[in-house]
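> Predicted structure and sequence below. I'll ask about it afterward.
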Amino acid sequence: FRYIFYASLIFLVFALAKADYLVIPTIVDPLKLVVSLLLLFAGFLLNALSWSRTLRQTPYRVSDRVGLASHGLAIFGKYIPGKFWVIMGRAEYLALRSGHSRKDLASLSLDAQFIALWAALLLGTLGMISVGGTRLYGLAVLALFVLLSLVIFTPFFHRMAGWLLSRMLRKPVKIPRLPLSRVIRIMLWYLMSWSTWSVAFWFLASSLVEGALPFHTAWAFALGGSIGILSVFAPGGLGVREGILTAYLSLAGVVVQDATTIAVASRLWFLAGEAFIFLLALLCERQMKKQGNEHEKNREEPGR
């Protein structure tokens, strides 16, 4: 897990330096920027809780604090090419501390990623339809949404996804299939997370441009985020998410220059949220370690 952590930070610094996205734009409305940051942090908390709630639907139940630590400490794994380590990172953390099967936890983490992606695609698809973007990239996104729905909700396509992953990774992969009622509960958490991020993005965009933005531009972030996740060879979706955001905002009537500014600024903005959940996870990890040391100390004292 330590190697995953260090590698993710190295790739993060490299990716950001190469993309030259660390640019602070002019803020038109500081109050809206503050609101966007608060909602951004809330979205990250909901996302971490979504992972904890996923675990609670299985025998691998953990507390919210442990779930947050496993999720937050692995958050920068998305910047390692392939993005597989963001899935493996939280599974590795839990396997080391719980003794559960690393393979089963990794499969469950992948299943949770499918559900999170489905939630983002649902919101993004609704937004895409609202701006009339179906001719530009709608059919591919809609087809992907339908396919992902089949993988999540039907046993046959679920097994097919596991078979394809096994062939790609050249090792047996079994994706645990949760009952439909539990999947729906988990989806509601991920929908809340992506909805909060999307509204936060609308406030961010509104803080950077003059005049009012239509509210449906909020769903640009869900669409851009989902396509960025699927771009497995782009570290953290760098360039891909920004391209989708720019295209969506342009279709919504935003001037191309403003749309580009918003898209690029959203990378630094979202990175602040990633840093927030990482630091919060680090704090949880240290508190748990301190409590564990105190517990061991208390057990030793009676024998002295």
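Right, received. Where do you want to start? Just so you know, these numbers come straight off a predicted model, no measurement behind them.

> Pass me the low-pLDDT residue ranges in the stretch 51-200 of the chain, would you?
Along the stretch 51-200 of the chain, the parts satisfying pLDDT under 70 run over 81-83, 133-141, 152-153, 158, 162, 165-181.

> Nearest spatial neighbour of L46, chain-adjacent residues omitted?
Setting aside the residues directly before and after it, L46 is nearest to S193 in space (C-beta to C-beta, 6 or more residues apart in numbering), at 4.0 Å. Just so you know, the C-beta spots here come from the backbone N, C-alpha and C atoms, and that holds for glycine as well.

> contacting residues around the one you found?
S193 makes contact with G43, F44, L46, N47, S50, A116, A119 under the criterion C-beta atoms under 8 Å, 6 or more residues apart in numbering.

> element containing it?
Element membership for S193 (DSSP states H and E) is helix 180-208.

> Tell me the helix or strand right after that helix.
helix 219-230.

> need the next SSE after that next one, C-terminal direction.
Next along the chain after helix 219-230, taking DSSP H and E as the criterion, comes helix 240-251.

> Using PDB, list the CA coordinates for that following helix.
The C-alpha coordinates for helix 240-251 follow below in PDB (Å, rounded to 0.1, in the frame of the first residue of the first chain):
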ATOM      1  CA  VAL A 240     -10.400  14.200 -21.400                       C
ATOM      2  CA  ARG A 241     -12.600  15.600 -18.700                       C
ATOM      3  CA  GLU A 242     -11.600  19.200 -19.600                       C
ATOM      4  CA  GLY A 243     -12.400  18.500 -23.200                       C
ATOM      5  CA  ILE A 244     -15.900  17.200 -22.400                       C
ATOM      6  CA  LEU A 245     -16.600  20.100 -20.100                       C
ATOM      7  CA  THR A 246     -15.600  22.700 -22.700                       C
ATOM      8  CA  ALA A 247     -17.700  21.000 -25.400                       C
ATOM      9  CA  TYR A 248     -20.700  20.700 -23.100                       C
ATOM     10  CA  LEU A 249     -20.500  24.300 -21.800                       C
ATOM     11  CA  SER A 250     -20.100  25.500 -25.400                       C
ATOM     12  CA  LEU A 251     -23.300  23.700 -26.400                       C
END
